[in-house]
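J.: for reference, the sequence and a predicted model appear below.
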Amino acid sequence: MRSRTLSLAGSTLTAAVLASALLPVTGAHAAASTPKVTSATKDAFGRVADNVLTDRTAVLLGGKAARKSLTPTGGVKLSSGQKKAEDGKLTALRGTKSRLADLGEAYTSADTKVTVDSAKVKGQKATVKVTETTTLKYKKIRGDEPASTGFEAHHVLTFTAQAGGTWQLTAMRSTDGGAPRINEPVAPAADAKLSRTPMAIISAPKAATTRNPVAKPKTLTGGAYNYNAMATYTEKYWKNYNSAYRKYNAAGGDCTNYLSQGLLAGGWKQISTVTPEEYDTWYYASNGTADAWIGVNEWSWFTQTAKRTTALANVYQMDIGDVLQVDFNADGSKDHSMMTTYRSSSGVPYLTYHDADTYRRSVASIIASYPTANYYAYRT
């Protein structure tokens, strides 16, 4: 485990890089100009990934920190094309930071750790998979913010060998679904066809995103459901998944599967009896799972028609155990589900969810990243 401390505008970011074994570049896989992969090169791959991701997070902290990714590391640097791509991402993140400030949110410091999960060399290409774990400390602007928010993200990097024994980072992409991390600028969404809403289904109305709405108080204890238990479960397994359930990350996303687990932990009852109506079941079983348990839109249709939820007029009315869904590109089809696991005394909900795995991200942060999205808030 290699650790280093980076100074950033009066704050400190700590980054750790774990280098995994790379296949040696020899024999038929090697070209005459391919540099030899040494232990220092292996370490450099991880540190370059750390530099790029630290730069992105640094923008959200403000200040005039030096670009770590522009300094060659162990014979590895960014290609001109990748530098241009990162310049664009950092510019977009400055816009996110500005919107966050308008919404009353900022961060004082961040801690980033990058772990190399696997690496393969083929010819003059090295493909490196890494996991980024980042925690940001909330600035106490109102004084009632939680201590921190955090996320775990996964990235694939491509390094290309250069003449003279050096390497360049030529491509980098995230592999998580759902909502991009706060330090991942949002790419323009592609146009999509409107989703089909089944007949006899009640559609949830869109929720406003303005601050200080009419109060919508909620009783957290003593009722039919244990909302604190929902939040406790969801915060327990936000990063370390509960092995009692299947994962759906590679099958369209795990966000609603995870949301359903939290609701079950708080007292929601499963319905497995099949009727002629669409989306009238909600259950998890070893031999099958209801569409409404794992599907974003299906969950909404089921809960509205079964009167498991009622729509909230404003996202800031959400309390612990309430649900936020987002239609990122406003095409009529909801894309992501999240549970409120914390609410500040001044009325800001904080969301915890899978894809990408995230802990206590404020609703303001979601809005800052997606100012043109459609939002749907549910009282559970």
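T.: Arrived safely. Numbering: from 1, shown residues only.
J.: distance check, Arg246 against Thr289.
T.: Separation of Arg246 from Thr289 (C-beta to C-beta, to the nearest Å) stands at 8 Å. (C-beta placed from N, C-alpha, C; glycine too.)
J.: who touches both of the two?
T.: Here Arg246 and Thr289 have Asn257 as joint contacts, going by C-beta atoms under 8 Å, 6 or more residues apart in numbering.
J.: the more surrounded of these two?
T.: Set Arg246 next to Thr289 and count neighbours by other C-beta atoms under 10 Å: Thr289 wins out with 19 against 13.
J.: spatially nearest residue to Arg47, not counting backbone neighbours?
T.: Counting by C-beta to C-beta, 6 or more residues apart in numbering, Thr73 is the residue found nearest to Arg47 once chain neighbours are left out, at 5.0 Å.
J.: tell me the phi and psi of the one you found?
T.: When read as degrees, to the nearest 10, the backbone of Thr73 gives phi -120, psi 110.
J.: got it, and Val59?
T.: Per degrees, to the nearest 10, the backbone of Val59 is at phi -60, psi -40.
J.: I'd like to know how far it sits from Asp87.
T.: 11 Å.
J.: likewise for Arg379?
T.: On the measure of C-beta to C-beta, Arg379 and Asp87 end up 43 Å apart.
J.: follow-up on the earlier one: quick check: beta-bridge partners of the residue nearest to Arg47?
T.: On the basis of DSSP bridges, Thr73 is bridged to Val76.
J.: that one - how many residues pack around it?
T.: Around Thr73 there are 20 other residues, counting by other C-beta under 10 Å.
J.: isn't it right up against Gly46?
T.: No: using C-beta atoms under 8 Å, Thr73 is not in contact with Gly46, being 9.5 Å away.
J.: the more surrounded of Arg379 and Asp87?
T.: Neighbours per residue, other C-beta under 10 Å: of Arg379 and Asp87, the larger number sits with Arg379, 15 against 12.
J.: so who does the more buried one touch?
T.: By C-beta under 8 Å, 6+ apart, the contact set of Arg379 is 216, 218, 309-312, 317-319, 322.
J.: using PDB, write out every CA atom in stretch 246-265.
T.: Presented in PDB, the C-alpha positions along stretch 246-265 are these (Å, rounded to 0.1, in the frame of the first residue of the first chain):
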ATOM      1  CA  ARG A 246     -28.400 -11.000  -5.700                       C
ATOM      2  CA  LYS A 247     -26.700  -8.100  -7.300                       C
ATOM      3  CA  TYR A 248     -28.200  -6.500 -10.400                       C
ATOM      4  CA  ASN A 249     -25.400  -4.000 -11.200                       C
ATOM      5  CA  ALA A 250     -24.600  -5.800 -14.500                       C
ATOM      6  CA  ALA A 251     -28.300  -6.300 -15.400                       C
ATOM      7  CA  GLY A 252     -29.400  -2.700 -15.600                       C
ATOM      8  CA  GLY A 253     -28.500  -1.500 -12.100                       C
ATOM      9  CA  ASP A 254     -28.900  -2.400  -8.500                       C
ATOM     10  CA  CYS A 255     -30.500   0.800  -7.200                       C
ATOM     11  CA  THR A 256     -34.100  -0.300  -6.900                       C
ATOM     12  CA  ASN A 257     -33.200  -3.800  -5.700                       C
ATOM     13  CA  TYR A 258     -31.300  -2.100  -2.900                       C
ATOM     14  CA  LEU A 259     -34.100   0.400  -2.200                       C
ATOM     15  CA  SER A 260     -36.500  -2.500  -1.900                       C
ATOM     16  CA  GLN A 261     -34.300  -4.300   0.600                       C
ATOM     17  CA  GLY A 262     -34.400  -1.200   2.800                       C
ATOM     18  CA  LEU A 263     -38.100  -0.900   2.600                       C
ATOM     19  CA  LEU A 264     -38.500  -4.500   3.500                       C
ATOM     20  CA  ALA A 265     -36.200  -4.000   6.500                       C
END
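J.: got the buried residues for that stretch?
T.: 248-249, 253-265 (16 or more other C-beta atoms under 10 Å).
J.: quick check: the residue nearest to Ser344 when sequence neighbours are not counted vs Thr131, distance?
T.: Nearest non-adjacent residue to Ser344, counting by C-beta to C-beta, 6+ apart: Asp144, 4.2 Å away. Applying C-beta to C-beta, the value for Asp144 to Thr131 is 32 Å.
J.: same deal with Tyr107?
T.: Relative to Thr131, and taking C-beta to C-beta, Tyr107 is found at 21 Å.
J.: all strands of the stretch 51-200 of the chain, in order?
T.: 76-78, 107-122, 125-138, 148-162, 166-174 (DSSP state E, counting those that start in this stretch).
J.: mean pLDDT lowest for which of those strands?
T.: Mean pLDDT is lowest for strand 107-122 among these, at a mean of 92.
J.: packing partners for that strand?
T.: strand 11-18, helix 39-61, strand 125-138 (3 or more C-beta pairs under 8 Å, 6 or more residues apart in numbering; DSSP states H and E).
J.: closest one to Thr340 among those?
T.: With C-beta to C-beta as the measure, strand 125-138 is the member of the helices and strands packed on strand 107-122 nearest Thr340 (16.2 Å).
J.: buried sites along that closest one?
T.: 125-126, 128-130, 132-138.
J.: which of the strands of the stretch 51-200 of the chain is buried the deepest?
T.: strand 76-78 (a mean of 23; mean count of other C-beta atoms under 10 Å).
J.: ok, and what's touching that strand?
T.: Outside strand 76-78, the residues touching it (C-beta under 8 Å, 6+ apart) are 41, 44-45, 47-48, 52, 69-71, 86, 159, 166-169.
J.: now for those, which pair is the farthest apart?
T.: Thr41 and Glu86 (21.1 Å).
J.: if anything else comes up later, I'll come back, but that's it for now.
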